[in-house]
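Undergrad: This is a predicted model, with the sequence first.
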Amino acid sequence: MVNFFIRIQDRKRKTIAKLESTLSKVVNFSNRKNSVVELTCSQCYESTTDLYRCLDCIGSWVVCEGCLHSNHSHPHLHVIEKWMNGTFIGYQCEKSVWCSMKHKHFANKYIKDLVVIDDKGRQHLRTIEFCTCEEEPVTLIDFDLWPSSPMYPKIAFHFDLLRWLNGLMLESHVSAKSFCEALTARLPKQQKKYTSKEEKEIYKVLMEETIHQFRHFCYKMDFCERFDGLDDGCSCPACYQTDTPFYYLDADFQLVRKTSSGKSWLDPKHSENFFVQQDKVDDFFFFL
C-alpha cells in the first residue's frame with residue numbers, strides 16, 4: 001500500500017515538472033509569435049513593411065495588405081492588427097458594405113452603420129445594406145444577427161453570443177449583468193479598445209426585452225408550433241404523453257404579493273403551457 005502511494009507521488013512530481021518545462025516553452029513561443037522577424041508576407045512571400053495579422057483566423061499568419069483583403073473579402077467580425085513600431089496595434093480595415101443577396105435586384109436600398117456584438121462580446125462598427133421592402137430586423141437575421149430593437153436598431157448581437165447567454169441562464173443561473181462583466185474580463189487588455197466607435201453598454205440593451213425575445217425565438221425554432229402533433233416543449237421526455245396534467249402549488253402562501261416591481265407589458269409567452277393564469281388560480285381558491 002505504501003509503495004502504491006509512493007508511485008502516485010512520483011508520477012505527480014514528474015507531471016508537475018513536465019508542465020513547468022512545457023509552460024516555459026509555450027511562453028517563449030508565444031513571445032516569438034507576437035513579433036515579426038522577417039518583413040515578408042507569409043502567404044505571397046512579398047517583402048513589405050506593412051504587415052497584418054488576424055486574431056480570428058487559425059494560425060494568425062502575418063500577411064501583406066493585399067492578402068489580408070483577399071482573405072477577408074466576405075462579411076466578417078474578425079479583429080485585425082498591424083505591425084507598427086515593433087509591436088502589433090489594433091487596425092481598422094476599410095469598411096465594406098454587408099449586402100444581402102435578397103436585395104440584389106431591388107432599387108430602394110440604403111446603408112446604415114450598426115454596432116455589432118460578435119460571439120466573443122467584442123464590438124464592431126459595420127455598414128449594412130437594407131431595403132425599404134423589408135424591415136431592418138428581418139435583414140439582420142440573414143447575417144445571424146439579432147436586433148436590439150424591432151424598429152431602427154442601432155445595435156445587433158450575434159446569435160452565438162445570445163445562445164451562450166441563454167444556456168448559462170438556464171443551466172448555471174448566470175445573470176445578464178454577470179455575463180456582461182465576464183465578457184469584459186475575458187478579453188486581453190490589448191483588445192479592450194478595438195472598437196471604432198464609443199463602446200455601448202450592452203447590459204442595458206439586453207434587459208430591454210432583447211434577450212427575452214431571443215429566448216422565445218429559440219423556443220419557436222426548436223419547437224415548430226405551426227405543425228400539429230409535434231412536441232411543443234411540454235411533453236414528457238420519456239413517453240411524449242401529456243394526457244394527464246400535473247399541478248404544482250407554491251407553498252409560500254404567507255408571502256405578500258408586491259406590485260412595486262412593475263407590470264409586464266406583454267402577455268405570457270408560454271400561456272397555459274407551464275403556468276396557470278393568475279385569475280384562474282384566484283377563482284380556484286375562491287370556490288374551495
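TA: Perfect, thanks for sending it. Quick caveat: nothing in here was measured; it's all calculated off a predicted structure.

Undergrad: CA atoms for contacts and neighbours, from now on please.
TA: OK.

Undergrad: got the CA coordinates for stretch 64-73 in PDB?
TA: Below are the C-alpha coordinates for stretch 64-73, written out as PDB (Å, rounded to 0.1, in the frame of the first residue of the first chain):
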ATOM      1  CA  CYS A  64       0.500  41.900 -46.500                       C
ATOM      2  CA  GLU A  65      -2.400  44.200 -47.200                       C
ATOM      3  CA  GLY A  66      -3.400  42.600 -50.400                       C
ATOM      4  CA  CYS A  67      -3.500  39.100 -48.900                       C
ATOM      5  CA  LEU A  68      -5.400  40.500 -45.900                       C
ATOM      6  CA  HIS A  69      -8.200  41.900 -48.100                       C
ATOM      7  CA  SER A  70      -8.300  38.700 -50.200                       C
ATOM      8  CA  ASN A  71      -8.700  36.500 -47.100                       C
ATOM      9  CA  HIS A  72     -11.400  38.800 -45.700                       C
ATOM     10  CA  SER A  73     -13.500  39.700 -48.800                       C
END
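
Undergrad: to the chain's geometric centre, what's the distance from that stretch?
TA: 26 Å (CA atoms, centre = their mean, to the nearest Å).

Undergrad: Give the buried residues for it.
TA: Buried residues in stretch 64-73, defined by neighbour count with 16 or more other CA atoms under 10 Å: 64-65, 67-68.

Undergrad: Make a markdown table from those residues and add secondary structure and pLDDT to it.
TA: Output for those, formatted as a markdown table (DSSP: H, G, I helix; E, B strand; the rest coil; pLDDT from 0 to 100):
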| residue | secondary structure | pLDDT |
| --- | --- | --- |
| 64 | coil | 93 |
| 65 | helix | 90 |
| 67 | helix | 92 |
| 68 | helix | 91 |
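
Undergrad: tell me the SS of the residue nearest to residue 150 when sequence neighbours are not counted?
TA: Counting by CA to CA, 6 or more residues apart in numbering, residue 137 is the residue found nearest to residue 150 once chain neighbours are left out, at 6.1 Å. Three-state assignment for residue 137 (DSSP: H, G, I helix; E, B strand; the rest coil): helix.

Undergrad: for the closest residue to residue 40 other than its chain neighbours, what are its contacts?
TA: Nearest non-adjacent residue to residue 40, counting by CA to CA, 6+ apart: residue 47, 4.4 Å away. By CA atoms under 8 Å, 6 or more residues apart in numbering, residue 47 lies in contact with 39-41.

Undergrad: Now residue 131. Its backbone dihedrals?
TA: Phi and psi for residue 131, reported as degrees, to the nearest 10, are phi -140, psi 140.

Undergrad: what about it, distance to residue 123?
TA: 24 Å (CA to CA, to the nearest Å).

Undergrad: Between these two, point out the one with more neighbours.
TA: residue 123 (27 against 18; other CA atoms under 10 Å).

Undergrad: Which residue is the nearest non-sequential neighbour of the more buried one?
TA: Here the residue nearest residue 123, using CA to CA, 6+ apart, is residue 117, at 4.7 Å.

Undergrad: try residue 53
TA: Residue 53's closest residue in space is residue 62 (CA to CA, 6+ apart), at 4.8 Å.

Undergrad: quick one: that neighbour and residue 44 touch, right?
TA: No - the criterion here is CA atoms under 8 Å, and residue 62 misses it with residue 44 at 10.5 Å.
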